[in-house]
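# My questions are about this predicted structure, shown below with the sequence.
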Amino acid sequence: MIGRILKNIDFTILFAVLALSAFGTVMVYSASMVSGVMVYDVTPDYFFKKQMFSWGLGIAALFFGIIFPYKNYRRLFKLILLATVILLTLVFFLGHTSNNAQSWISLPLIGQFQPAEMAKMSLIIYLAAIYTKKKSYIDDFYRGLLPPIIIMMLVVVMILRQPDLGTAVIALAVSGLIIMSSGLKRSHLLLMMSIVLVAAVTMYQFGLSEEQLSRFDGAYQPFEYADDAGYQLINSYLAIHNGGLIGTGLGAGVQKLGYLPEAHTDFIMAVIAEELGIIGVSIVIGLLALIVLRGFYVSMNSHDTFGRLLAIGVSGLIGIQAVINLGGLTGLIPLTGVPLPFVSFGGTSLLMMMFSGGVLINIHAISKIKREQQDQIAA
């Protein structure tokens, strides 16, 4: 089976995933080589070496995602969800705090691991499996639709309590995409949209901390809060302005020299814009869009409901996370601390993104094999 899967690899997705992740590793070095010494008191290649290690693990995760038949996740979804909940619980007792969020735990061999990143993929697998199982009675709101939503919300609340607002929003949005794609009735869809709207307004009024609320000021009135909430965004604007069409050259950016905080993580696209210009930004966005659109194509051509929902969830995850990251560094939405898929520094994020790319490739390959088998039977 593995040989047949490898013969039917989707090279479009494979190329885009490898190109983005390799390019991201280079840009992490460029963005962090000065701040590593000035801000973090480490060697210039410290973050580059860590990202290279993560990229190596990511290659293994990508290969595993490609060769491991995706239907097995349907049998393992309860175990995957349970492991995720256990890890999210351990964060509250053993978690490492960084940037006011207690989100990381230490694992043997891997090092710092962020369970919230794993939770996004776990929710995708869980919801795709459970709504495939409940397909025959999905119109029954209390029996078919509601129970998985309650479990999903519990996981989202655990992420939100770290607090990790950005990851919680992504998990909620991707879950909503899968739920809307599961075949629920229009009346249930309108009810769900109303619940989400009420929850969003309630969270804004009562659930956000003072620091999180200040991000709205930083996004929409950055120059009035130039020394505080708007500082990062203003320097992001300067980086984008400096880059112009072709950029200042790889490694020659100025804003990463202590002016732009977290240049190698949340704001790596600003560094790309300054050093490689609009052309570099367009290539990165184009590759991300290619993965997302190809992923939706894979979902439409999947031969079963589980594969379709799984591909929709993975494609939505990559697309939504990219939009939120890019929206934050351009001031369209408040900053949430979300990494750019495949590109930003972050071992767990890179690992899970490359694994998710492998899952898309696996769905494509197995669906193609099944179609060929059906064609042979029909002939």
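Received the coordinates, thanks.
# all contacts plus neighbour counts: C-alpha atoms, from now on.
Will do.
# what about Ser344, is that helix, strand or coil?
Secondary structure, DSSP: H, G, I helix; E, B strand; the rest coil: Ser344 is coil.
# what about it, neighbour count?
Using other Cα atoms under 10 Å, Ser344 has 27 neighbouring residues.
# can you pull the contacts of it?
Ser344 makes contacts with 24, 28, 264-268, 350, as judged by Cα atoms under 8 Å, 6 or more residues apart in numbering.
# neighbouring contacts of stretch 268-277?
Contact with stretch 268-277 is made by 27-28, 31, 236-237, 239-253, 255-256, 262-263, 280-281, 326, 329, 340, 343-344, as judged by Cα under 8 Å, 6+ apart.
# Just say helix, strand or coil for the residue lying closest to Val314 once chain neighbours are set aside.
Closest residue in space to Val314, ignoring its immediate chain neighbours: Ser356 at 6.2 Å, by Cα to Cα, 6 or more residues apart in numbering. Here Ser356 is recorded as helix under three-state DSSP.
# Ser356 and Leu293, how far apart?
Using Cα to Cα, to the nearest Å, Ser356 is found at 14 Å from Leu293.
# The two: which is more packed in?
Neighbour comparison, Ser356 and Leu293: the larger count goes to Ser356, with 25 against 16 (by other Cα under 10 Å).
# ok, that one to Leu160 distance?
In terms of Cα to Cα, Ser356 sits 23 Å off from Leu160.
# Enumerate the positions of stretch 167-176 that are buried.
For stretch 167-176, burial by neighbour count (16 or more other Cα atoms under 10 Å) applies to 167-176.
# can I get the CA coordinates of it in CSV?
Extracted as CSV, the C-alpha positions of stretch 167-176 are listed here (Å, rounded to 0.1, in the frame of the first residue of the first chain):
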residue,chain,number,x,y,z
THR,A,167,-5.0,29.6,18.7
ALA,A,168,-8.4,29.4,20.4
VAL,A,169,-9.9,31.6,17.6
ILE,A,170,-8.3,29.4,14.9
ALA,A,171,-9.5,26.2,16.5
LEU,A,172,-13.0,27.6,16.8
ALA,A,173,-13.0,28.9,13.2
VAL,A,174,-11.8,25.6,11.7
SER,A,175,-14.2,23.6,13.8
GLY,A,176,-17.0,25.8,12.6
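# State the mean pLDDT of it.
Regarding stretch 167-176, the rounded mean pLDDT is 91.
# Residues contacting it, please?
116-117, 119-120, 123-124, 127, 152-153, 156-157, 159-160, 313, 316-317, 320-321, 338.
# Now restrict the residues you listed to buried residues only.
Buried members of the contacts of stretch 167-176, scored by 16+ other Cα under 10 Å, are 116-117, 119-120, 123-124, 127, 152, 156-157, 159-160, 313, 316-317, 320-321, 338.
# just checking, Pro334 is part of a helix?
No - according to three-state DSSP, the state of Pro334 is coil, so it is not within a helix.
# and the gap between it and Leu165?
Per Cα to Cα, Pro334 is found 11 Å from Leu165.
# give me the number of residues near the residue lying closest to Gly258 once chain neighbours are set aside?
Spatially, and ignoring its direct neighbours in sequence, Gly258 is nearest to Ser35 (6.1 Å; Cα to Cα, 6+ apart). Neighbourhood size, Ser35 [other Cα under 10 Å]: 24.
# same question, Leu197
Leu197, neighbours per other Cα under 10 Å, totals 12.
# That one and Val174, how far apart?
For Leu197, the distance to Val174 - Cα to Cα - is 16 Å.
# neighbouring contacts of stretch 370-378?
Contacts of stretch 370-378 (Cα under 8 Å, 6+ apart): His303.
# Quick one: the strands in the stretch 101-250 of the chain, in order.
101-107, 111-113 (DSSP state E, counting those that start in this stretch).
# For the first one, what does the pLDDT average out to?
When pLDDT is averaged along strand 101-107, the result is 77.
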